[in-house]
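A.B. asks: A predicted structure for the sequence below; I have some questions about it.
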Amino acid sequence: MQNRKGSTTVGLIAAVILSGASGAAMAQSSVTLYGILDVGIQYTTRADGQHSAVNVQNYGSIPTIYGLRGTEDLGGGLSAIFELSQSFNMNNGEAWVPNSAFGWQSYVGLKGWLGTLTVGRQFSVLFDETVTFDPTYFSAYGGQAQLNPLSDIIENNSIKYVSNNYGGFTFEGLMSIGGVAGNFRSGQAYELGAQYNRGPLSVGAVLRKTNGTDTATVDESGLVEKIGTIAAAYKIGPATLLAGFQRLTGDLSPSKSVIWGGARYDVSPALELRAAAYQTLSNNPEIGDPTLYVAGVVYSLSARTSLYLNAGYSRNSAHSSQTVYEYGVTPLDGLDQVGVMAGITHRF
C-alpha cells in the first residue's frame, strides 16, 4: 500500500505540473506504426586502407527504423505519449544496436501546456540541437559522426524535458542516470539546450557534461567530458545557409573543435541540393585536422519515396582516420578517401 500511494502521488504531481488542470476526462487514444527504409549502393576508395570497394550499404540519407508511437488524451490539455522504435540493417535484417528489441528510442511520458516530460531511452539534447543545423541533416555523408558520436546520439536511463514555444524560444534539459549502487555519478549525463526560431533566423545552443563509468575493474566516474555547441541557420528564399561550432574537452576523449558550414537549396518542391564542409581541429595526432567535404541531391518521387545521391571527400592529416561514410570502420591512417552513394528511401 505504501508503494502504491507513493506512485499515485508522483503521478498526480506530474499531471498538475504539465497540464495545470484539476480535472480529467475519458478520451481517445491512438497508436501509429511507422518506418523508414533506406538502402543504397556505395563506391569508396581505400575501403581497406588501400583498395576500392563497391557494396550495398544500409542508410545513406536517413537511418532505417520502424516503430510505434502512441498518444492518449487525458483531458485538461494533458496527453500520455510513448514511442518504441528499432533501427536495423537493410542488408541483413539485423538490429543496428546488437541484442536490442528497441534500440532506437523507447520512452513514455506526459505532454501538456507546460511542455513534455519523458523517461526512458531517447535522443540526447546534443542531437536535437545539432541535427537541424547540419546542412545534410542525418545523412550518412555528413557531419553527425564528428558532432554526435554514436554513444552521444541516444541516452539510456534518461529523464528529458522539452518546453513549449515561448515567443520563438524553446528549452530542453536531460539527465541520464547511471544506476550504479554507491556511485551516483557513474555514467551520468547532464544536458541543457535552447533554440530560437523567428522568421528566417534559427539559433541553437547546447551544453553537455558526462561522467565515466564505474565497473568491476576500473572506476572512471571521476573523469568527465564536456561539449558545447552553438549553431545558426538563415533562410533566403529557396536557400538555407547553416553554420556551427562545437568544442569538446575533458578526460574521457581527446580535446577537439569542429567548425562546419554549408547550405540547402530547394530547386523545386521535389528537388533539394545540399553541400557542406566540416573541419576538425585537434592537437591529438590521432585526431589531427581532417576535413570532410560532402554534397547531396534528394529527389522526391512522391510524399513517401525519394531517391538520393551522396558524394564525399575526406582529407586526412597525419594519422587521422576520418572516413567518408559516417559509420565507416576501416582506419585510413592519414589517407584521403572518396565516396559516392546512390540510394532510395521509403517511408510508411
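C.D. replies: Nice, I can see it.

A.B. asks: pull out the buried positions in the longest strand along the chain.
C.D. replies: With secondary structure taken from DSSP state E, the chain has its longest strand at strand 29-44. Using 16 or more other Cβ atoms under 10 Å as the test for burial, strand 29-44 gives I36, L37, D38, V39, G40, Q42, Y43, T44. (C-beta placed from N, C-alpha, C; glycine too.)

A.B. asks: going along the chain, name the helices of this structure.
C.D. replies: 2-19, 125-131, 144-147, 150-153 (DSSP state H).

A.B. asks: any idea how far the closest residue to G70 other than its chain neighbours lies from G112?
C.D. replies: For G70, ignoring the flanking residues on the chain, the nearest one in space by Cβ to Cβ, 6 or more residues apart in numbering is V31 at 4.3 Å. Distance of V31 to G112, computed by Cβ to Cβ, to the nearest Å: 20 Å.

A.B. asks: pipe the buried residues of strand 29-44 into JSON lines and attach distance to F171 and pLDDT per row.
C.D. replies: What follows is the buried residues of strand 29-44, written out as JSON lines (distance: Cβ to Cβ, whole Å; pLDDT from 0 to 100):
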{"residue": "I36", "distance to F171": "28", "pLDDT": "97"}
{"residue": "L37", "distance to F171": "34", "pLDDT": "97"}
{"residue": "D38", "distance to F171": "32", "pLDDT": "97"}
{"residue": "V39", "distance to F171": "37", "pLDDT": "96"}
{"residue": "G40", "distance to F171": "37", "pLDDT": "96"}
{"residue": "Q42", "distance to F171": "39", "pLDDT": "96"}
{"residue": "Y43", "distance to F171": "43", "pLDDT": "96"}
{"residue": "T44", "distance to F171": "41", "pLDDT": "95"}
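
A.B. asks: specify which member of the residues you listed is nearest to E272.
C.D. replies: Ranked by distance to E272 (Cβ to Cβ), the buried residues of strand 29-44 are led by D38 at 15.8 Å.

A.B. asks: partners of Q122 in the sheet?
C.D. replies: E155 (DSSP bridges).

A.B. asks: identify the residues contacting it.
C.D. replies: Shown in contact with Q122 (Cβ atoms under 8 Å, 6 or more residues apart in numbering): E83, Q105, S106, Y107, I154, E155, S158, K160, L174.

A.B. asks: next, format those residues as CSV and append pLDDT and distance to V294.
C.D. replies: CSV is the format used below for those (pLDDT from 0 to 100; distance: Cβ to Cβ, whole Å):
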residue, pLDDT, distance to V294
E83, 98, 29
Q105, 96, 26
S106, 97, 31
Y107, 98, 31
I154, 92, 23
E155, 94, 27
S158, 97, 30
K160, 98, 30
L174, 98, 29
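
A.B. asks: run through this protein and note the low-pLDDT ranges.
C.D. replies: Along the chain, segments meeting pLDDT under 70 span 1-27.

A.B. asks: so which residue is dead centre in it?
C.D. replies: Note on the chain: the residue nearest the mean C-alpha position is F127, at 3.7 Å, using Cα atoms, centre = their mean.

A.B. asks: pretty sure the residue nearest to G70 sits against G67.
C.D. replies: No. Judged on Cβ atoms under 8 Å, V31 makes no contact with G67 at a distance of 10.7 Å.

A.B. asks: all the strands of the stretch 201-348 of the chain, in order from the start?
C.D. replies: 201-211, 224-236, 239-250, 256-268, 271-281, 291-300, 305-315, 337-347 (DSSP state E, counting those that start in this stretch).

A.B. asks: pull the residues that contact the fourth one.
C.D. replies: Counting by Cβ under 8 Å, 6+ apart, the neighbours of strand 256-268 from elsewhere in the structure are 134-136, 143, 146-147, 238-248, 272-282, 284, 287.

A.B. asks: no further queries at this time; thank you.
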